[in-house]
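S.K.: Generate coordinates for the sequence data below:
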Amino acid sequence: MLKYAFMTMIVAITASIGPATAQTKKGANGGPVVASQGHPIEFVHKGQDIIFYVGDDDGSPLPTKEMKGRATIQQGGKTATVQLKPSPPNMMVGKADAELAPQARVVFSGSLHGHSLTARYTVE
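M.R.: As a prediction, the model looks like this:
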């Protein structure tokens, strides 16, 4: 029960922040791009590997060396959280428990120097 209360709280918080959800543009790596507070964030997945390419507000790669982040994945009636690690030059990477299925929902949450970024994606 506590698990569901925690997930409800996370969903409520991320919904209240006003995350970006428009997925109309494809990025240089072939994934959908969502802008969060002016920062383009591209989502790519290969097998269980998930990768977010983070851009600065001018579109150039944003160094993620000191960034902290996580991805929340909802699929098959289950929710999982994947801790993301910085990878040069501008990536946040992690490994999901299972390969992402079409229509899975992925929420990126990251912070850098007190600046929070949130982006939502639906796997195609």
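
S.K.: Report how many residues lie close to residue 42.
M.R.: Neighbour count for residue 42, taken as other C-beta atoms under 10 Å: 23. C-beta here means a position set from N, CA and C on the backbone, and glycine is covered the same way.

S.K.: cool, residue 26 as well?
M.R.: What residue 26 shows, counting by other C-beta under 10 Å, is a neighbour count of 11.

S.K.: does it really touch residue 33, like I thought?
M.R.: Yes - using C-beta atoms under 8 Å, residue 26 makes contact with residue 33 at a distance of 6.9 Å.

S.K.: Residue 63 contacts residue 89, doesn't it?
M.R.: Yes - applying C-beta under 8 Å as the test, residue 63 and residue 89 come out as touching, 6.3 Å apart.

S.K.: what's the spacing between the residue positioned nearest the centre of the chain and residue 116?
M.R.: A centroid search over the chain (C-alpha atoms, centre = their mean) returns residue 108, at 2.1 Å, as the residue closest to the centre. As judged by C-beta to C-beta, to the nearest Å, residue 108 and residue 116 stand 11 Å apart.

S.K.: So the closest residue to residue 89 other than its chain neighbours versus residue 95, what's the distance?
M.R.: Leaving aside its sequence neighbours, residue 89 sits nearest to residue 61 (C-beta to C-beta, 6 or more residues apart in numbering; 5.2 Å). Per C-beta to C-beta, residue 61 is found 22 Å from residue 95.

S.K.: cool, and residue 30?
M.R.: Taken as C-beta to C-beta, the span from residue 30 to residue 95 is 19 Å.

S.K.: what's the neighbour count on residue 124?
M.R.: 10.

S.K.: Would you mark the buried spots in the longest strand seen in the chain?
M.R.: Ranked by residue count under DSSP state E, the longest strand found in the chain is strand 78-87. Under the neighbour-count criterion of 16 or more other C-beta atoms under 10 Å, strand 78-87 has 79, 82, 84, 86 buried.
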